[in-house]
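> below are the sequence and a predicted model; questions follow.
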Amino acid sequence: MFTLKKTLSTTKARLGTLKTDHGEISTPIFMPVGTVGSVKAVNQDDLLKKIKAQIILGNTYHLYLRPGTDIMKDAGGLHKFMGWDGPILTDSGGYQIFSLSENRKLSNNGAQFKSHLDGSKHSFTPENVVEIQRVLGSDIIMILDECPPYPAEYDYVKESMDLTHRWAKRGRESFLGSQPYYGHKQFQFGIVQGGTYKDLRKESTSHMVDLDFEGLAIGGLSVGEPSDIMYDITDFNTDYLPEEKPRYLMGVGTPANLLQSIARGVDMFDCVMPTRNARNGSIFTKNGKINLRNAKWKHHHQPLDLDFPSELCQRYNMSYLHHLFKANELLGLELTSKHNLTFYLWLMELAREKIANDTFADWYESMSLILEEKI
């Protein structure tokens, strides 16, 4: 499944290849988020041909509630349902359950929760989350976990981690005891928890490694902790993860977060930030972040001069883009969403090139600082 091609001696940055039945993925890689089977404001042809997405992410919680597993199974799985032939990873819904703290109850058996759509009651167990993702047919499926908040007391985080460990064992057994529905292989990733406590992170990593998942995720970060803590825990965690398996940092992050985490040994990322920011008129560039709603762009009748392969930068005047957002035109959401995702995937491609030619260490720190600027 995963081939590690290179690890730098100057940083922990890695080059790898992740092979699935729906395509081969070069790592490090960013996964555009298609929560409900749609990357917001972007169609599948643009995802493939313009943005050059190698893998996208769907969400078990949302797809389970709507359209539901019956429709998904009748359609032949998520790939056919949404017309996407590339690889898909599905999150188990653990983070969504975490965000529904007022409407859920956790037990050894699983998580009971109320739908955010209609208030109906539902239950996720380690076993039925595997079954739901079998029905979805995603190439990579995630275990059910609990994501503790930040900050959280040590005893709570340990209890939460132990619950995730019990769920993980049952989820792994369920995965190994079942078969895919649609004739292609599926892989299962474990999720390391432990909050910001290093002894718990080490214990959780050991537990997940022993269960021999095909890949491992670092969960429980990007939940409100400062970036320096996230980097420190990530750096610590990757020291204990197997070199031969892919490493996925869940829910991260800004372009600078990605580069800093690549330097700490991470291979895979996902985040709603590029599309969510785009819908608010905020775009990422290699010179920093731009707010298109800012009045400074009202009379700027030229495209951005960024030497960057984005239709937004090459064709459209800034004054026009500013106008689209002031007028609440849908075209503005489409153009900025495509631009931001193109930027994220371009940045990952550039990082891979820098790792390949041994210049990543000299580049990523200064690039990270530039990316945090506001133009």
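Received the coordinates, thanks.

> His184: neighbour count?
Taking other C-beta atoms under 10 Å as the criterion, the count of residues near His184 is 15. No exception for glycine: its C-beta is placed from N, CA and C like everyone else's.

> same question, Gly224
10.

> name the nearest residue to Tyr231, ignoring sequence neighbours.
Counting by C-beta to C-beta, 6 or more residues apart in numbering, Tyr231 lies nearest to Gln260, which is 5.5 Å off, once chain neighbours are set aside.

> contacting residues for the one you found?
227, 231, 364, 368 (C-beta atoms under 8 Å, 6 or more residues apart in numbering).

> greatest separation within those: which pair is it?
The largest separation in these, counting by C-beta to C-beta, is between Ser227 and Tyr364 at 14.4 Å.

> returning to that earlier point: need the buried ones from the contacts of Gln260 selected in ChimeraX.
To isolate the buried members of the contacts of Gln260 in ChimeraX, using 16 or more other C-beta atoms under 10 Å:
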select :231,364,368
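
> now Phe325: which helix or strand?
helix 318-326 (DSSP states H and E).

> how about that helix: buried residues?
Across helix 318-326, burial judged by 16+ other C-beta under 10 Å covers 318, 320-322, 324-325.

> render the CA-only coordinates of that helix in CSV, please.
Extracted in CSV, the C-alpha atoms of helix 318-326 (Å, rounded to 0.1, in the frame of the first residue of the first chain):
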residue,chain,number,x,y,z
MET,A,318,-8.9,42.1,-8.7
SER,A,319,-11.6,44.8,-9.0
TYR,A,320,-13.9,42.2,-10.6
LEU,A,321,-13.3,39.7,-7.9
HIS,A,322,-13.9,42.3,-5.3
HIS,A,323,-17.2,43.2,-7.1
LEU,A,324,-18.3,39.5,-7.1
PHE,A,325,-18.1,39.3,-3.4
LYS,A,326,-19.7,42.6,-2.7
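
> which SSE is immediately downstream of that helix?
Trace forward from helix 318-326 with DSSP H and E and the next one is helix 330-356.

> averaged pLDDT, that next one. What do you get?
The average of the pLDDT scores along helix 330-356 is 97.

> and the angle from that helix to helix 318-326?
120 degrees (axes from the mean of the first three to the mean of the last three C-alpha atoms, to 10 degrees).

> what is helix 330-356 packed up against?
Here helix 330-356 is seen to pack against strand 14-20, strand 29-31, helix 255-262, helix 273-279, strand 282-285, helix 311-315, helix 318-326, helix 360-371 when contacts are counted using 3 or more C-beta pairs under 8 Å, 6 or more residues apart in numbering; DSSP states H and E.

> as TSV, these with distance to Leu345 and mean pLDDT would be great.
Written out in TSV, the entries for the helices and strands packed on helix 330-356 read as follows (distance: least, C-beta to C-beta, whole Å; pLDDT from 0 to 100):
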stretch	distance to Leu345	mean pLDDT
strand 14-20	15	98
strand 29-31	6	98
helix 255-262	11	98
helix 273-279	9	98
strand 282-285	12	95
helix 311-315	14	84
helix 318-326	21	97
helix 360-371	15	96
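
> compare the ones you listed and give me the one nearest Tyr150.
Per C-beta to C-beta, nearest to Tyr150 of those: helix 255-262, 15.4 Å.

> which SSE is immediately downstream of the closest one?
Tracing the chain C-terminally past helix 255-262 and defining elements by DSSP H and E, one meets strand 268-270 next.

> distance of Phe175 from Gln188?
Taking C-beta to C-beta, to the nearest Å as the criterion, Phe175 is separated from Gln188 by 5 Å.

> got any residues that touch both of the two?
Shared contacts of Phe175 and Gln188, counting by C-beta under 8 Å, 6+ apart, come down to 130, 141.

> how does this structure divide into domains?
The record's domain parsing of the chain by automatic domain parsing lists 2-272, 278-371.

> for the ones you listed, which one ends up most surrounded?
Per-residue neighbour counts averaged over each of the domains of the chain give the maximum for domain 2-272, namely a mean of 20 (mean count of other C-beta atoms under 10 Å).

> picking up where we left off before, what does the helix holding Phe325 rub up against?
Under the contact criterion C-beta under 8 Å, 6+ apart, helix 318-326 has outside partners 281, 292-294, 297-304, 312, 329, 331-332, 335-336.

> tell me who's in contact with the closest residue to Asn103 other than its chain neighbours.
Taking C-beta to C-beta, 6+ apart, and ignoring the residues beside it in sequence, Asn103 has Lys114 as its nearest neighbour in space, at 4.1 Å. For Lys114, the contacting residues are 100, 103-104, 120-122, taking C-beta under 8 Å, 6+ apart as the criterion.

> let me know the closest of those residues to Ser138.
If you rank the contacts of Lys114 by distance to Ser138 using C-beta to C-beta, His122 comes first, at 19.6 Å.

> can I assume that closest one sits in a strand?
Yes. His122 sits within a strand when classified using DSSP: H, G, I helix; E, B strand; the rest coil.

> nice, that's everything, thank you.
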